[in-house]
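Asker: have a look at this prediction, sequence included:
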Protein chains: 2
Amino acid sequence: MRTLLRRSALAAAAALAPALAVPADAPPPMIGFTADGARAQAVLEARFDQGLDAREMRAWLERLSSEPNHIGAPHDRANAEFMLAQFRAWGWDAQIETFSVLYPTPKRVSLEMVAPRHVRATLHEPPIAGDRSSAKTAGALPPYNVYGADGDVTGELVYVNYGMPDDYRELARHNVSVKGRIVIARYGAGWRGLKPKLAYEHGAIGCLIYSDPRDDGYGAADTYPAGAGRPAEGLQRGSVADMPIYSGDPLTPGIGATRDAPRLPLSEAKTLLKIPVLPISYQDARPLLEALGGPRAPAGWRGGLPITYHLGAGPARVHLAIQSDWSQKEIYDVVARLAGSVYPDQWVLRGNHHDGWVFGADDPLSGNVALMAEMKAIGALAATGWRPKRTLVYASWDGEEAGLLGSTEWVETHAAELAEKAVAYVNSDSNTRGFLEAGGSHSLQRLVNQVSAGVTDPLQPASVLARARAVAIVGGSRGSEHTAEERRIARELLDGGDLPLDPLGSGSDFTPFLQHAGIASLNLGFGGLQPGGVYHSIYDSFDHYVKVEDGDLHYGVALAEVAGHVMLRLADADLVPLRTQDFAAAVGHYVDELDQLVVHARDEAEANHRLLDERVYELAASVVDPVGPPARQPAVPFLNLAPLHNAATTLAASARAFDAAFAATTAEPARLTPARAAAVNAALARAERALLGEPGLPGRPWYRHMIYAPGLYTGYGAKTLPAVREAIEERHFDEVPAAVTMTAAAIDGYRHALDAATAALR
Amino acid sequence: MRTLLRRSALAAAAALAPALAVPADAPPPMIGFTADGARAQAVLEARFDQGLDAREMRAWLERLSSEPNHIGAPHDRANAEFMLAQFRAWGWDAQIETFSVLYPTPKRVSLEMVAPRHVRATLHEPPIAGDRSSAKTAGALPPYNVYGADGDVTGELVYVNYGMPDDYRELARHNVSVKGRIVIARYGAGWRGLKPKLAYEHGAIGCLIYSDPRDDGYGAADTYPAGAGRPAEGLQRGSVADMPIYSGDPLTPGIGATRDAPRLPLSEAKTLLKIPVLPISYQDARPLLEALGGPRAPAGWRGGLPITYHLGAGPARVHLAIQSDWSQKEIYDVVARLAGSVYPDQWVLRGNHHDGWVFGADDPLSGNVALMAEMKAIGALAATGWRPKRTLVYASWDGEEAGLLGSTEWVETHAAELAEKAVAYVNSDSNTRGFLEAGGSHSLQRLVNQVSAGVTDPLQPASVLARARAVAIVGGSRGSEHTAEERRIARELLDGGDLPLDPLGSGSDFTPFLQHAGIASLNLGFGGLQPGGVYHSIYDSFDHYVKVEDGDLHYGVALAEVAGHVMLRLADADLVPLRTQDFAAAVGHYVDELDQLVVHARDEAEANHRLLDERVYELAASVVDPVGPPARQPAVPFLNLAPLHNAATTLAASARAFDAAFAATTAEPARLTPARAAAVNAALARAERALLGEPGLPGRPWYRHMIYAPGLYTGYGAKTLPAVREAIEERHFDEVPAAVTMTAAAIDGYRHALDAATAALR
């Protein structure tokens, strides 16, 4: 069926691409390639595609997800060894790299409501008819949040909505304190580790996190097995490490967790939580929430349970007890290499993790089997004598779920070599039917657009790029459903602009590569159609995956094509395929956003002061739902962001010059002498490293990228120009000048690297 | 307690008023009064306030709501006779005016689901502990929607969200038709009569309307008796007459329904529905909705039931049968007069209805007892020899719930006299604790601001104006919760502008006065704090009212003060207290909105065409929730709205001139000769009539006001400059030129009236 569809793909893909008159014998547009190189690459990619086999991927998926595969599970190691054997069989130079990490596992977990009546939480996901593995959970860990503290606490319950900073400000206006109490937060709106962290910072002694049915249960979709919604008993396990501080093993920040590495004592590990925390289902949450009194929850806080949500505190009182085994466990990264023929010391990296919370069919194995398929297809190419120009490094990481352990420890272990050699890192994770979602370093934006324009969607005779563009436009044209930023993107797309990459925050293995090591990175996957209603539950199973996700693995093949073509072009391009104007434009846009952020913050503070001074909040207070005035905001001074504007403006000019010289060089192969190519490629491979700033982000120096970071108070969500943006957002205005200087210096450093490359091209 | 609060009221009220240096002996600001007149009026109002007694109002409320009081109920007539006796005892010239109206009542009503399983709907509201009258419903009608058709239909069910025009467009994109089927719509988003009307127009054979718990049940508040939310069995009765065509008796449009009036045959009554329709509770709705298959409902369509909402059609099939008694019934308006001493032929009118759906404690009796309290207090003033300058006409209407029957038939009966004599009409209806909500003719905006600045809130030492201003500002300052229009209003309020009146749509007895007879009107009441979760159910009882609404009737007193002071100032002002710049500004703003509406419609049509032509909708379609492309929109031509801009601009100049002359005259009492005052007052009393246009609004000539109307597809919600706005919104572009001409002519007519009055003032 895919072949059938492909025939008309080019015509359809053109529908949304800028109209161009393309001569019949023109080479496919491939940044970094000469015309002849592009023609050859297209042939190579077609051969690569022939090596992808959806049925085989489905079989791997079934095998890898057949037993619990969390850290320490026998099947986790067995999967690593199975892959090792496969990779070697496919011609790769592969080995398992083992790290020893702190990975607490629960020994005793209990939750009960002790007042106003007694209810014991089941904390159990029962088997579901038709889902074979849901009845075979022997060896699975009890549901828990790894890196929460041990404890035995009893206290009144308080509902804190998503448990994010704004939620605590709202709680204060309702005169509800969490001090000495246990909070119940719903999943969503930010990294789950922030929920217990913020609860602790506000004085709470324990934290429950439940999955509200409005967010990913029956309110979002029919529940599994009828659809993709979370069943009443389903619950979301997950890490609560304070990952915005650093990822990886909590005891070895910045260094590889090899067996003999020096380790912090537990008490000094900054990413360990201070209070016990437990994930529960909405079936277990309902009696607790129903027993809450106190103020009615604000409108935006009400979920999908058939109750009136209240804040508490109490009269519900709960007793939460968690006791864990805090021993070290081993994790198994499977890393494979195919040496480059021209630039063996330029590494193009690709990764996906293989550990899951239980069976992990969708998360992460759906992406992992795409990575395997790419490796087998590349191995087949290599078997015919082909070699990439640059070295390919493929890895299946372990321990991602606990906090990007396998990738982080590997990056930290090989930091020096990576600083020297890494060209780019391409990540994937969960994958399912839907639309291409691509995030990453904006210098790679054109590459991703070109590659995805050439990959046909499994369900429509159109490219995956055309479909991703269409969904961005249609969402935007619906108006109120999209943000102003999304509407701007839709307009630019309609005007023929490239599909923009999302800036990367965190939540998967790209973080150590991009934000710690300064390696240009991408994160690729398909999805977006339905809620992840079995996310991190036992129902994320093979049966679930083939029933309600990508049953025939056609989108698995599509991912392998997109990621594989990206890898092959990065490996084979005559010049490392960066278009730097896209990066410069993104930086310019982010700097403009900072201006708006300051203006908005100042307007907000001034309104806040005036309304407080004129008693407007008091006069507007409701007798039915009394809400106190908000806290007085600090005044917002005028800030000097000029260095950022100057850096962005000069970067834009340098980027234009570089891109022009780059294009001219690949257009005239005679100019592409080996010496010139080597000089330019060496510079480009390392360019992203210029964006690392010293001493790193304020309060979290492990994060060194000055353009992209996970938000300190979003966790998954990206903050661009994070040092400056977060100083403004957190109203740490005294930190702004240093942040501006450090960020502008990084942008200037990148510009200098470009200017040097431009000079080398002339 | 109220007296205690009042002491500091002036100081507090000033907090949000524009800062003015007021000399100690300055008269209170009262538009239309000389300084001496204002001082005397303030004394009069203080005496009026002394006559208001919350405990007496509470006793009236209990008595009037003690038995079902719908049209035809013995207690409905008994209430009218009780009030008649009271009004006469208080010194008013009162009588009951009786009309004979078509008022079908159900004889047999049944609803059952016949597939996929059998469920019979209870259609019953059981007694609730602590609510005495909920156990005494003998004599109440079965729950129904009056003016639905009789019928016995069986068909597949389709969920249509709110059943509004946009909902049918969305349904079409999901490829779901209601033809030959029965729809289930939730209450909200527009006049309930539009739901069966639109269902019929789309081919449905029956209509159910249910109250979704997210909108006014547990999703909004704790359910009664714990709070103000609708209980599971509670259901909303109500009229489904096609009121945007005309209000009042369906058989006598435009003429009074006196016993001998000529009547249309049933078949020609345009406001009668064509299919059976029934209101049901969410308890009865749940099994029906749960049994629906077909596409998953779009996100915005999902309510608060713990199910995944689907559209159908089927497999749920329902059987709906309704048979009614279609005989005439009598309604009883109680109308009382106190003759004016100076201008007996200038009538200042006040009304509230007295019929309820069952007990009607909140709706309408909470407002009706304020009206009674005003009448008693005015009667007491009259007993001391005082007389209003103009004639006061107070009325307690019957039959409002069925379709504004009592007020409409009275207005139609007395049309000629009202055209000659009416100065203004002041309406109220349900009233409860909360914030002042005021809508009406914008020439009365300053009067309402001045009056409400002088009435102290029952719960805070501030004026009701200060609190209403505060809540409008704070809502606006929260940003996303308010619309752009609300944020604009908040900014203007912070800059010291008057609290704007809402334009009036429909939903209460002001409609025949304002929109049919062209009488400047106001609608006043307190509320806005909690959902009307017992609205039109048996639980809208005295016990409910005193438990969760305005238990001590203090906001009843506040309404009596605001409405009473407005009435007394309208009656006693030296010059009819209109500030016409406020009206001119509103008209100018509405004309600007039309410009934006056209631009927005054109942008939308162009985007729609481009996305259809480029196949973007197809490319963006989801395989999980397939949605087809929207229908192709008609192109939006450039339209000549210049006549409206010209009319609004010249009106603004005339209004400035008039207001200046008006202010100069009241500031110099010597200029206020009886002859000049009489001439000017006669002109001002009739000024609003100039805004009636011939032949009325397109397709609904009963509605003649060219500035304010209920929307043809909103019903309650106002459409300003309705002839032009709806022609644009409905894409009837060929109707725009005539609508512009008619509307501009009405604005010009008002301006001519002002110019004449200005000339008389000079």
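Answerer: That came through fine.

Asker: helix/strand/coil for the nearest residue to residue A:714 once chain neighbours are set aside?
Answerer: Excluding its sequence neighbours, the residue lying closest to residue A:714 (C-beta to C-beta, 6 or more residues apart in numbering or on different chains) is residue A:190, at 5.2 Å. C-beta coordinates here come from the backbone N, C-alpha and C atoms, glycine included. Secondary structure of residue A:190, reduced to three states by DSSP: H, G, I helix; E, B strand; the rest coil: coil.

Asker: what sits up against the lengthiest strand in chain A?
Answerer: Longest strand in chain A by number of residues, with DSSP state E as the criterion: strand A:312-325. With C-beta atoms under 8 Å, 6 or more residues apart in numbering or on different chains as the contact definition, strand A:312-325 has outside contacts at A:104-116, A:144, A:148-159, A:176-178, A:181-182, A:206, A:208, A:276, A:278, A:288, A:291-294.

Asker: mind checking which of these are in strands?
Answerer: Taking DSSP E as the definition of strands, those contribute A:105-115, A:151-159, A:182, A:206, A:208, A:278.

Asker: what residues does the stretch 601-750 of chain A put near chain B?
Answerer: If contact is defined as C-beta under 8 Å from any C-beta of the partner chain, the residues of the stretch 601-750 of chain A in contact with chain B are A:607-608, A:610-611, A:614-620, A:622-625.

Asker: got the domain ranges for chain A?
Answerer: As assigned by automatic domain parsing, chain A contains the domains A:7-96+A:329-578, A:105-326, A:581-761.

Asker: need the winner for burial among those.
Answerer: Comparing the domains of chain A by mean neighbour count (mean count of other C-beta atoms under 10 Å in any protein chain shown), domain A:7-96+A:329-578 ranks first with a mean of 22.

Asker: how much distance is there from that one to the middle of the chain?
Answerer: 13 Å (C-alpha atoms, centre = their mean, to the nearest Å).

Asker: quick check, that domain touching chain B?
Answerer: Yes: Domain A:7-96+A:329-578 reaches chain B (C-beta under 8 Å from any C-beta) through A:15-16, A:433-434, A:459-460, A:462, A:466-467, A:469-471, A:473-475, A:477, A:494, A:529-530.

Asker: quick one, what contacts residue A:331?
Answerer: Each residue near residue A:331 by C-beta under 8 Å, 6+ apart is listed here: A:71, A:76, A:98-101, A:103, A:355, A:398-399, A:405-406, A:409.

Asker: which one of those residues is nearest chain B?
Answerer: residue A:355 (27.7 Å; C-beta to the nearest C-beta).

Asker: now the closest one, what's its secondary structure?
Answerer: The three-state label for residue A:355, taken from three-state DSSP, comes out as coil.

Asker: that one and residue A:364 touch, don't they?
Answerer: Yes: applying C-beta atoms under 8 Å, one finds residue A:355 in contact with residue A:364, separated by 7.2 Å.

Asker: for chain A, which spans come out with low pLDDT?
Answerer: Of all residues in chain A, those with pLDDT under 70 make up the ranges A:1-24, A:476-481.

Asker: chain center to the longest helix seen in it: distance?
Answerer: The helix spanning the most residues in chain A, taking DSSP state H as the definition, is helix A:580-613. With C-alpha atoms, centre = their mean as the basis, the distance from the averaged C-alpha position of helix A:580-613 to the chain average is 25 Å.

Asker: give me the residue from the stretch 651-762 of chain A nearest chain B.
Answerer: Minimum separation of the stretch 651-762 of chain A from chain B (C-beta to the nearest C-beta) falls at residue A:729, amounting to 15.9 Å.

Asker: quick one, what contacts that residue?
Answerer: With contacts taken as C-beta under 8 Å, 6+ apart, residue A:729 has the following neighbours: A:597, A:601.

Asker: ok, residue A:210 next?
Answerer: Residues near residue A:210 by C-beta under 8 Å, 6+ apart: A:184, A:185, A:186, A:187, A:235, A:279, A:280, A:281, A:282, A:284, A:285.

Asker: separation between the residue of the stretch 651-762 of chain A closest to chain B and residue B:203?
Answerer: Using C-beta to C-beta, to the nearest Å, one obtains 53 Å as the distance from residue A:729 to residue B:203.

Asker: got the phi and psi for the residue of the stretch 651-762 of chain A closest to chain B?
Answerer: The main-chain torsion angles of residue A:729 are listed as degrees, to the nearest 10 and equal phi -60, psi -40.

Asker: hang on, the earlier thing: mutual contacts of residue A:355 and residue A:364, please.
Answerer: By the contact definition C-beta under 8 Å, 6+ apart, residue A:355 and residue A:364 are jointly contacted by residue A:400.

Asker: check contacts around the closest residue to chain B within the stretch 451-600 of chain A.
Answerer: At 3.4 Å from chain B, residue A:470 is the closest residue in the stretch 451-600 of chain A, using C-beta to the nearest C-beta. With C-beta under 8 Å, 6+ apart as the criterion, the residues that contact residue A:470 are A:16, B:615, B:616, B:617, B:618, B:619, B:620.

Asker: try it again with 10 Å
Answerer: A:15-16, A:435, A:460, A:462, A:493, B:611, B:614-621 (C-beta atoms under 10 Å, 6 or more residues apart in numbering or on different chains).

Asker: so of those, which ones are in helices?
Answerer: Helix and strand membership here follows DSSP H; of the contacts of residue A:470, those in helices are A:493, B:611, B:616, B:617, B:618, B:619.

Asker: would you point out the most distant pair within the residues you listed?
Answerer: Taking C-beta to C-beta as the measure, the ones in helices among the contacts of residue A:470 reach their widest spread between A:493 and B:618, a distance of 16.0 Å.

Asker: quickly name whichever of the contacts of residue A:210 is closest to residue B:504.
Answerer: The shortest separation between residue B:504 and any of those is 41.2 Å, and it belongs to residue A:186 (by C-beta to C-beta).

Asker: closest one to chain B out of the contacts of residue A:210, please.
Answerer: residue A:282 (9.4 Å).

Asker: cool, thanks, talk later.
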